[in-house]
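1. Coordinates for the following, if possible.
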Amino acid sequence: MSADTAPPSIAAALQSGLRAGLDRLDAQLLLLFALGRAPHDRAWLLTHDSDGLGAKDWARIADLFQRRLAGEPAAYLLGEKEFHGLDLRVDARVLVPRPDTETLVDWALACLQGRSAPRVIDLGTGSGAIALAVQRARPDARVEAVDASADALAVAAANAQRLGLPVAFRQASWLEGAPRAAYDLIVSNPPYIAEGDPHLPALRHEPRAALVAGTDGLDDLRQIVRDAPVHLAAGGWLLLEHGHDQAAAVRQLLADAGFADIQHRHDLSGIARCTGGTWAPVK
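-> Predicted coordinates for the structure are as follows:
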């Protein structure tokens with residue numbers, strides 16, 4: 001796939017991407033992006049499949065295809081990712097929001113049912129995906145979001161401003177500086193990959209600090225579980241996303257910390273990927 005060859009038609013460009021190993025949807029979205037079309041306009045590709053590409057358009061398409069084949073996430077190339085009905089702007093400063101994390105948002109919203117003006121904090125917010133999804137679904141909620149990365153917070157704050165959602169952002173490490181006994185819900189999708197995990201090379205384009213958490217991947221989960229009780233209101237929930245093989249370990253962490261009603265939620269593949277419990281202070 002070379003931009004130095006004569007520019008092909010739209011259909012031929014698409015086929016060249018597929019032959020090289022691109023996913024069809026990725027190839028279509030990258031084509032539309034390079035040609036200045038909206039991502040939902042895939043029907044346009046069919047009605048214009050015989051149109052010839054200009055040399056500059058083909059050079060741009062070939063570059064995007066090569067970058068995707070080299071492992072760069074499509075969301076970074078496109079500059080956006082849909083999450084729980086929100087169009088989020090994303091780049092290499094933040095993790096790409098995953099569809100499986102919508103399970104965590106749905107569980108969070110279920111836990112907030114029946115609570116008036118609940119107070120919520122999202123730890124390690126990244127692009128702001130969880131906090132913004134909760135805020136949109138619950139306009140009465142007082143949603144805060146923290147991240148240790150100033151770069152990530154810049155992305156999240158820009159998303160909030162563009163979407164008109166009043167999430168309060170703050171730079172902090174987990175619950176550092178958070179008020180005591182304040183929150184009806186603490187929610188987090190923290191780093192949970194172990195150092196040396198064989199999947200890390202495939203994630204090399206995403207920020208390592210948002211992925212890796214010690215030798216067993218549980219360092220940040222341990223800290224959040226340890227620190228959360230003092231910041232939860234009575235009956236408040238702590239909900240955590242974790243790795244595909246960490247459900248039992250996170251359940252034990254919650255149990256050892258004194259949480260009750262510990263439950264799991266499963267991802268789109270049926271794997272327990274979220275674990276949480278309620279906090280009932282000893283009187």
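
2. after the helix or strand of the chain with the lowest mean pLDDT comes which helix or strand?
-> When the helices and strands of the chain are compared on mean pLDDT, DSSP states H and E, helix 42-47 comes out lowest with a mean of 90. Note on helix 42-47: by DSSP states H and E, the next helix or strand toward the C-terminus is helix 55-69.

3. Run through the neighbouring helices and strands of that next one.
-> helix 10-20, helix 24-34, helix 74-78 (3 or more C-beta pairs under 8 Å, 6 or more residues apart in numbering; DSSP states H and E). Backbone N, C-alpha and C define where each C-beta goes, glycine included.

4. I'd assumed residue 31 was in contact with residue 77.
-> No. Residue 77 is beyond contact range of residue 31, at 11.5 Å (criterion: C-beta atoms under 8 Å).

5. Can you tell me the closest non-neighbouring residue to residue 214?
-> Excluding the flanking residues, the one nearest residue 214 by C-beta to C-beta, 6 or more residues apart in numbering is residue 195, at 6.6 Å.

6. Count the residues that sit near the one you found.
-> Other residues near residue 195 come to 13 when the count uses other C-beta atoms under 10 Å.

7. And the pLDDT at it?
-> For residue 195, the pLDDT comes out at 92.

8. With residue 279 instead?
-> pLDDT, residue 279: 96.

9. just residue 74 next, same as before
-> At residue 74, the model reports a pLDDT of 95.

10. cool, and residue 282?
-> pLDDT, residue 282: 59.

11. Measure how buried residue 29 is and give me the count.
-> Quick note: residue 29 (other C-beta under 10 Å) scores 23 neighbours.

12. picking that back up, now do the least confident helix or strand of the chain: which elements does it pack against?
-> For helix 42-47, the packing partners by 3+ C-beta pairs under 8 Å, 6+ apart come out as helix 24-34.

13. got a list of contacts for the helix it packs on?
-> 10, 13-14, 17-18, 22, 38-39, 41-42, 44-45, 57, 60-61, 64-65, 68, 74, 77-78 (C-beta atoms under 8 Å, 6 or more residues apart in numbering).

14. ok now the helix or strand residue 251 falls within, how far from the chain's centre?
-> Per DSSP H and E: residue 251 is located in helix 247-257. Offset of helix 247-257 from its chain centre (C-alpha atoms, centre = their mean, to the nearest Å): 23 Å.

15. do you know how far residue 276 is from residue 100?
-> To residue 100, residue 276 is 15 Å away according to C-beta to C-beta, to the nearest Å.

16. Just give the number of residues close to residue 114.
-> 6.

17. For it, give its distance to residue 175.
-> In terms of C-beta to C-beta, residue 114 sits 25 Å off from residue 175.

18. In contact with the residue nearest the centre of the chain, which residues?
-> Nearest to the mean C-alpha position of the chain, by C-alpha atoms, centre = their mean, lies residue 97 at 2.2 Å. Contact analysis of residue 97 by C-beta under 8 Å, 6+ apart lists 75, 81, 83, 88, 90, 126-127, 129.

19. Out of the residues you listed, grab the one that's most surrounded.
-> Busiest of those [other C-beta under 10 Å] is residue 129, holding 29 neighbours.

20. Would you quantify the distance from the nearest residue to that one once chain neighbours are set aside to residue 220?
-> Counting by C-beta to C-beta, 6+ apart, the nearest residue to residue 129 once its immediate chain neighbours are dropped is residue 97, at 4.1 Å. As judged by C-beta to C-beta, residue 97 and residue 220 stand 18 Å apart.

21. Of the contacts of helix 24-34, just the buried ones, ChimeraX syntax please.
-> Buried subset of those, written as a ChimeraX selection, criterion 16 or more other C-beta atoms under 10 Å:
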select :10,13,14,17,22,44,45,57,60,61,64,65,68,74,77,78
